[in-house]
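# The following comprises the amino acid sequence and a computationally predicted model.
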Amino acid sequence: MSEINVSIVKKNKDKELFLRFPAKIYDDKHIMQDKVFEREILENTNILCKGVKIIPLIAKNKKEEVVARCLLSFYEDDTAYIGFFECINDNEAAKELLAAGENLAREEGKKKLLGPIDLSFWARYRFCTSEDLPYIGEPANKAYYQGLWEENGFKISEEYFSNFFDVADESFDSEKARKRLQSAKDEGYVFTHPNVDDFEKYLRDIYPVLIEGYKDFCGFKMISEEDFVKLYSPLKMVIDPEMVFLAYKDGDLKGFLICLPDYGNLLCKSRTPALLLSVMNVKSHAKRYVLLYMGVKRDCLGLGSALSQQVVDRLKEKKASGISALIHSGKASGGYFKDKIKEQRKYVMLEKML
C-alpha cells in the first residue's frame, strides 16, 4: 500500500499548502510562481476561471508533508488538462498524483489527459527540458518532470523551442527579411508602435489577429475581447513601446510582434519598493529582449519576417540581444535569422489516452 495520500484541495489550510509548495522545489532565481494568480484560481475569482471546472490536488507523505501538487481543468471537450504540476523527484509521489488525476478525468468522461497546462493556453503551459535561468514568460520547471510523466504513461504530443541570439551588430542581417520589410512598405503597410496612454485600443486591435493565429494551439480556449483586454492591460506598465511592433494596412491591424525586456522572474515576486526599482531599471536599460507574442493574418505572407527585421534593427540601436521564444515546431518563424542562433532550448507537451 502506498504511503502517499492524494486529496482534493478544499480547505483554506490545504490551499496555503498548495501555494507554498513551489518554494520548497525551487531556489529564488528559478521560481516562476505567480502566487497572486494561483490564489485567484483556487478562489475561482480569476477571469480565466469562466466556463471551466477545476480540481486542485495535493499529495502528502505519511508525515503529512506535501510532496506533489497539480490542478485539473475540465471544459466541454473530451480532454482533461493538467497543470500547476510540481513534485519532488520521486516516482511514487508522481504516480499517485497522476493516477488520481486520471481517475477524476475518467469520472468526467474525458478520453485524454494533456499537459502541463495551467488552466488553458492563456496561462503557462509546456515543460522546459532543461533547468537554465528562466527568462520572462518561460515555463520553468525541474528537468526531471518530463521523465516522471513519461514513466507514468505520458507521451510527447507537441514540441517547441526558443532561439537565443547574441547582441545584434551590423553583421546581424537578413537580405530576405529586409526585402520583405521594404516590399511590405511598398504595398502600403504602415509600421508603428503603441501609445501606452491608449493601450486598450491597441489590445482591441491585436485581439482578432491573435485569436486567428493561435486558435489551433494546444489548450486554446476562447475568451471575450473584454476579458482579453483585462488580462493584458497590465502589460502597459512593463513594455518598452519601441519594442512593440504593429503593422497596419488600410486602417486594419494585420500583424504584431511584442518584445518584452527580459525581467527574468522579477514580475512573479511580491511587489515592494525595491522590486519596483529593479523592474524600472531593467525596463530602462534592458540588455536582452524576449520576442514573446507574434501574430500575422493568414493572407499577409512575409509580414512576420518583415516585423522580425524591424526588431533586429531596434536591437542594433539598443546594443541588446534577443530570444525568439516558445516557437511551435514546424513554424516558419523558427527559421528567422537561423544562422545567428547561439543557443536553443526545447519544450514539450505530453498526453495520455484514457
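Looks like it came in fine. Keep in mind that what you see is a predicted model, and the values were worked out from it rather than measured. Numbering: from 1, shown residues only.
# Just list the residues touching Ile211, thanks.
When contacts are counted by CB atoms under 8 Å, 6 or more residues apart in numbering, Ile211 is found next to Met222. The C-beta positions use only the backbone N, C-alpha and C, and glycine is treated the same way.
# My error: substitute Ser183 in the last question.
Gly302, Ala306.
# Next SSE downstream of the host helix or strand of it?
Element membership for Ser183 (DSSP states H and E) is helix 175-186. Next along the chain after helix 175-186, taking DSSP H and E as the criterion, comes strand 190-192.
# strands paired with that next one, and their directions?
strand 244-249 (antiparallel) (DSSP bridges).
# On the three-state scheme, Asp197 is what?
helix (DSSP: H, G, I helix; E, B strand; the rest coil).
# Low-confidence stretches in the stretch 1-150 of the chain?
1 (pLDDT under 70).
# mind listing the strands in the stretch 201-350 of the chain by residue range?
Remark: strands assigned in the stretch 201-350 of the chain by DSSP state E, counting those that start in this stretch are 244-249, 252-261, 288-296, 321-328, 341-353.
# how about these in CSV, adding mean pLDDT and distance to Asn46?
Shown next, in CSV, are these (pLDDT from 0 to 100; distance: least, CB to CB, whole Å):
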stretch, mean pLDDT, distance to Asn46
strand 244-249, 97, 25
strand 252-261, 97, 21
strand 288-296, 95, 20
strand 321-328, 94, 22
strand 341-353, 96, 22
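# Which of those sits closest to Tyr144?
Tyr144 lies closest to strand 341-353 among these, at 13.3 Å (CB to CB).
# chain center to the closest one: distance?
Averaging C-alpha positions (CA atoms, centre = their mean, to the nearest Å) puts strand 341-353 13 Å from its chain's average.
# In JSON lines, list the strands of the stretch 201-350 of the chain along with distance to Gly83.
Output for those, formatted as JSON lines (distance: least, CB to CB, whole Å):
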{"stretch": "strand 244-249", "distance to Gly83": "28"}
{"stretch": "strand 252-261", "distance to Gly83": "22"}
{"stretch": "strand 288-296", "distance to Gly83": "19"}
{"stretch": "strand 321-328", "distance to Gly83": "16"}
{"stretch": "strand 341-353", "distance to Gly83": "11"}
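# so which of those comes closest to Cys70?
strand 341-353 (12.9 Å).
# List the buried residues in the helix holding Ser183.
Residues of helix 175-186 classed as buried by neighbour count (16 or more other CB atoms under 10 Å): Ala177, Arg180, Leu181, Ala184.
# cool, and stretch 261-269?
Pro261, Asp262, Tyr263, Gly264, Asn265, Leu266, Leu267, Cys268, Lys269.
# do the same with stretch 242-257
Neighbour counts over stretch 242-257 (16+ other CB under 10 Å) mark Met243, Val244, Phe245, Leu246, Ala247, Tyr248, Lys249, Leu253, Lys254, Gly255, Phe256, Leu257 as buried.
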